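Asker: for reference, the sequence and a predicted model appear below.
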Amino acid sequence: MSNRVIQLYRNAYQGLSPSVWLLSGVMLINRCGTMVLPYLSLYLTQKLHYTVAQTGVVMALYGCGAIVGVYLGGRLTDRFGFAPVQLYSLFFGGVFLLGFQFVTDFTAMCGAAFCFTLLGDTFRPANSAAIAHYSDEANRTRAFSLNRLAINLGWAVGGGLGGFLAGIDYSLLFWADGLTCILAAVVLYLTLPRAQKAPASPEPISAESTHATPPSRSEPVQSAYRDGYFLRVMGLTLLFVCAFILMFSLLPLYFKQVLHLREAQIGLLMSLNGLLIVAVEMALVFTLEKRLPDARSKLMIIALGVGLTGLAYAVLTLSTWPGLALITILLMTFGEMLAMPFMQTLAVTRSNAQNRGQYMALYSMAWAISQLISPLLGAQIAGSAGFVTLWWVAAGACTLSTAGFWWLSRPTNFQSVAGKMQGSDPF
């Protein structure tokens with residue numbers, strides 16, 4: 001039995017290019033310092049004494065900056081390549097974070113939150129385009145899962161350490177986050193293969209070439225913003241992400257104010273999310289792709305993952321027993337592992353080297369828009385109607401998204417949609 005498990009994990013990690021591992025390593029360094037976002041709502045309310053409504057406005061401006069950032073990141077990636085966009089985003093985002101801690105005025109805080117995410121979130125589409133460039137159809141979902149593994153391993157370290165640092169002094173979060181961003185930029189600059197001429201074909205010729213120069217314009221390029229099928233999928237994704245992002249923006253506040261957990265306990269719960277993803281996701285994705293290779297099944301997997309997230313929020317409405325925090329995190333974690341890797345693969349597969357930045361920007365924009373809508377509406381709902389109402393709204397959004405993905409997976413709907421695509425298989 002143990003040999004089978006070892007072989008399963010060995011197979012799950014085999015076949016990925018060195019550059020995918022490198023990019024995941026850079027992501028790990030960066031995310032080990034990710035401490036500001038998960039504790040920003042606590043920082044604003046506990047140290048700066050902002051109201052819940054003011055906190056929601058700041059988090060919403062954080063989301064506005066992310067929307068502009070990912071849009072610019074996609075455009076810049078298609079124009080200049082993914083390497084320089086990642087480098088400058090990490091470096092200047094880190095520098096900005098170091099100064100972020102000195103902002104206390106509410107108006108200035110709104111502007112600082114916007115500018116920071118504008119700089120930092122140009123990284124998202126560039127990084128996704130890089131992962132896609134250094135992978136192929138056979139291992140692309142696993143390549144994204146490895147990147148997510150790095151994100152969540154870093155989240156486990158950063159989230160857990162951040163809880164203890166916040167208990168000492170919230171300013172330590174900004175120093176740790178900013179310096180790790182700068183360190184990640186230095187490592188990326190020193191280790192990523194030097195820029196080579198971009199291939200003229202839609203896919204990379206060499207797994208180690210760096211698409212850091214403008215891609216060839218010899219072929220007609222479809223705009224991601226006019227791809228009807230992809231826009232429908234992104235609409236469903238947006239519903240899901242709006243609910244999921246509450247885990248980072250308002251759920252820690254609920255754990256603190258209603259379930260009466262300490263900062264260190266909240267940090268441990270956030271770390272559990274990351275550790276489970278590190279331990280399980282790669283093997284889970286490898287097994288699912290092997291047993292359910294067709295695209296319809298993968299849409300149903302996404303639907304199941306979204307449904308588990310909705311169930312996690314519904315659980316919170318049962319009582320104020322602190323143990324529900326653990327159950328919620330477990331359900332959210334497995335929902336995330338089932339849904340997100342295949343969502344990213346769908347976005348990549350519909351693109352090519354000429355428009356990949358646009359597609360990855362649009363996928364990232366679903367997250368960015370949620371950072372605008374979710375904290376603002378969530379804070380207003382929680383402030384006026386209570387957290388229980390907010391959790392029912394989040395569960396309802398996940399239910400609608402689940403139904404949409406299930407509807408797309410039905411044979412007649414799937415075939416009619418697939419026929420409009422560039423290829424025969426949306427995955």
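Answerer: Cool, the structure landed.
Asker: so where's the stretch 51-200 of the chain uncertain?
Answerer: Under the criterion pLDDT under 70, the flagged ranges of the stretch 51-200 of the chain are 194-200.
Asker: again, only using 80
Answerer: For the stretch 51-200 of the chain, applying pLDDT under 80 flags the ranges 52, 56, 59-60, 63, 137-138, 152, 155-156, 158-160, 163, 192-200.
Asker: mind listing the helices for it?
Answerer: Ranges of helices in the stretch 51-200 of the chain, per DSSP state H, counting those that start in this stretch, are 52-80, 82-100, 106-120, 123-133, 140-168, 171-191.
Asker: ok, the stretch 201-350 of the chain next?
Answerer: With DSSP H, counting those that start in this stretch as the criterion, the stretch 201-350 of the chain has helices at 228-244, 246-249, 251-257, 263-291, 295-315, 323-349.
Asker: put the alpha carbons of the shortest one into PDB.
Answerer: What follows is helix 246-249 as a C-alpha-only set of coordinates in PDB (Å, rounded to 0.1, in the frame of the first residue of the first chain):
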ATOM      1  CA  LEU A 246     -14.500  36.200   1.800                       C
ATOM      2  CA  MET A 247     -12.100  33.600   3.300                       C
ATOM      3  CA  PHE A 248      -9.400  36.200   3.200                       C
ATOM      4  CA  SER A 249     -11.200  39.400   3.700                       C
END
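Asker: pick the most deeply packed of the helices of the stretch 51-200 of the chain.
Answerer: Highest mean neighbour count among the helices of the stretch 51-200 of the chain (mean count of other CB atoms under 10 Å): helix 123-133, with a mean of 28. Where C-beta positions appear, they are placed from N, C-alpha and C, glycine not excepted.
Asker: relative to the whole chain's centre, how far out is that helix?
Answerer: Centroid separation for helix 123-133 versus its chain: 12 Å, with CA atoms, centre = their mean, to the nearest Å.
Asker: who's in contact with that helix?
Answerer: For helix 123-133, the external contacting residues (CB atoms under 8 Å, 6 or more residues apart in numbering) are 19-20, 23, 27, 69-70, 73-74, 76-77, 82-83, 85-86, 89-90, 93, 140, 143-144, 147, 204, 211, 344, 347-348, 351, 353, 356-357, 360-361, 363-364, 367.
Asker: what does stretch 42-51 give?
Answerer: 36, 52, 54-55, 58, 104, 106, 109, 166, 170, 173, 252-253, 256, 263.
Asker: greatest separation within the residues you listed: which pair is it?
Answerer: Maximum pairwise distance among the contacts of stretch 42-51 (CB to CB): 23.0 Å, between Phe106 and Glu263.
Asker: find the nearest non-adjacent residue to Tyr189, please.
Answerer: Among residues not flanking Tyr189 along the chain, Leu87 sits closest, at 5.7 Å (CB to CB, 6 or more residues apart in numbering).
Asker: how much space between that neighbour and Gln7?
Answerer: 38 Å (CB to CB, to the nearest Å).
Asker: rewinding a little: which of the helices of the stretch 201-350 of the chain sits closest to Ser2?
Answerer: The nearest among those, by CB to CB, is helix 263-291 at 13.8 Å.
Asker: and the nearest residue to Leu76 once chain neighbours are set aside, how close does it get to Ala368?
Answerer: Of all residues not flanking Leu76 in the chain, Val85 sits nearest, at 5.0 Å (CB to CB, 6+ apart). Look at Val85 and Ala368: by CB to CB, they are 16 Å apart.
Asker: cool, Arg142 as well?
Answerer: Counting by CB to CB - Arg142 and Ala368 are separated by 25 Å.
Asker: repeat that for Gly235.
Answerer: Taking CB to CB, one finds Gly235 at 15 Å from Ala368.
Asker: so the two - more neighbours on which side?
Answerer: With neighbours defined as other CB atoms under 10 Å, Gly235 and Ala368 compare such that Ala368 has more, 27 against 12.
Asker: which SS class is the more buried one?
Answerer: helix (DSSP: H, G, I helix; E, B strand; the rest coil).
Asker: quick one on the thing from earlier: closest to Gly154 out of the contacts of stretch 42-51?
Answerer: Using CB to CB, Val36 comes nearest to Gly154 of the contacts of stretch 42-51, at 13.4 Å.
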